Structures are given as structure tokens and as C-alpha cells.
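> Pasting the sequence and the predicted coordinates here, then a few questions.
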Amino acid sequence: MDNESLNEKTLEDVHTKEIDLVNRDPKRINDDVVKVDFEDVIAEPAGTYSFDGVWKASFTTFTVTKYWCYRLLTALVGIPLALIWGIFFAILSFLHIWAVVPCVKSYLIEIHCVSRVYSIFVHTFCDPLFEAMGKCLSNVRVTTIKEV
């Protein structure tokens, strides 16, 4: 297998990647966000219980409603949002690759020149000044006296 066919195979694999229909959050990005069950929202303290049938019906109603509302919303809004997010991240990638990185590289090249000029300025003017001030003030002694 030559290098060109390997590159084509790699490029093809990125766009035809199999998705896992069982584990839909393999990187665990939603672990702490959307785990809301009936027990997390509704709870009856000891001594104030409703009828068992009402409690079971409430549990079933909550669970089924949450399940089907989520499915309905994803069916109606999921595809358009996936399209919007795909466009957004494509634009973000484009700007990063074609604008941000070249600007940062340009800035680093230009700042390197400025840093050399600044370094020469400091070594030429500031170093002798502070060295002379240090020699002048090196004989200053400070004593403290405590009065009682």
C-alpha cells in the first residue's frame, strides 16, 4: 500500500466513521448535566405519603413524558441544530486555520524583532543606570531603634 492510497483511506475513514448506537456519549461530556430522574425532582418526606397508586402513576407519567418529549424535540429540532452546529464549527475551524494561527505567527515574528530592540535598549541605558545606583546606595545602612 503506497503513501497516497493510505492518505485517501485515512481521509475516507474520517467521513464514514461508524457511530455507536449503544454508547452515545463515549467521551462522557454529559455525565454531570442531564441525569434527571423522578427521584431527583419529586420526593415525599416520611409521614406525608400520597396513595401508592398516585405515586406509581406520577412516576410513570414523569418518566414517559420526559422520554417522549425528548424524542419529539430531537426529531423536530435535532437535525436543524446539528446543521447549525456543523456550520458553526466549520466556520470556527476555518477562522482558526486561516486567520487566528497566521495572525499569532505574524505577531510572534514581529514581537521577536521588538524584543531584540527592547533588549538592546535595556542593556544600553537601564543596566548602567541601575548598576550605578546600586553602587551609590550600597553603603546605606538602616537601623531601627525600639523605644519603650
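Ah, there it is. What you see is a predicted model; the values in this text were computed from it and never measured. Numbering: from 1, shown residues only.

> from here on, contacts and neighbour counts on C-alpha atoms
Noted.

> Centroid-nearest residue for the protein?
Centroid check for the chain by Cα atoms, centre = their mean gives Ile29 as the closest residue, at 11.0 Å.

> now it: how far from Lys35?
Using Cα to Cα, to the nearest Å, Ile29 is found at 12 Å from Lys35.

> One more: Arg28?
According to Cα to Cα, Arg28 stands 12 Å off from Lys35.

> cool, Val100 as well?
According to Cα to Cα, Val100 stands 37 Å off from Lys35.

> neighbour-wise, which of the two wins?
Neighbours were counted for Val100 and for Lys35 using other Cα atoms under 10 Å; Val100 has more, 14 against 8.

> Could you report the distance from the more buried one to Ala90?
Val100 is 14 Å from Ala90, by Cα to Cα.

> Work out for me the element Asp32 sits within.
Following DSSP states H and E, one finds Asp32 outside all helices and strands.

> meant to ask about Pro102
Element membership for Pro102, per DSSP H and E: helix 101-121.

> Now the element after that helix, going C-ward?
Later in the chain than helix 101-121, the nearest helix or strand by DSSP H and E is helix 127-137.

> pLDDT of that next one, averaged?
Helix 127-137 shows a mean pLDDT of 93.

> Helix 101-121 and that helix, what's the angle between them?
Here helix 127-137 runs at 50 degrees with respect to helix 101-121, directions being taken by axes from the mean of the first three to the mean of the last three Cα atoms, to 10 degrees.
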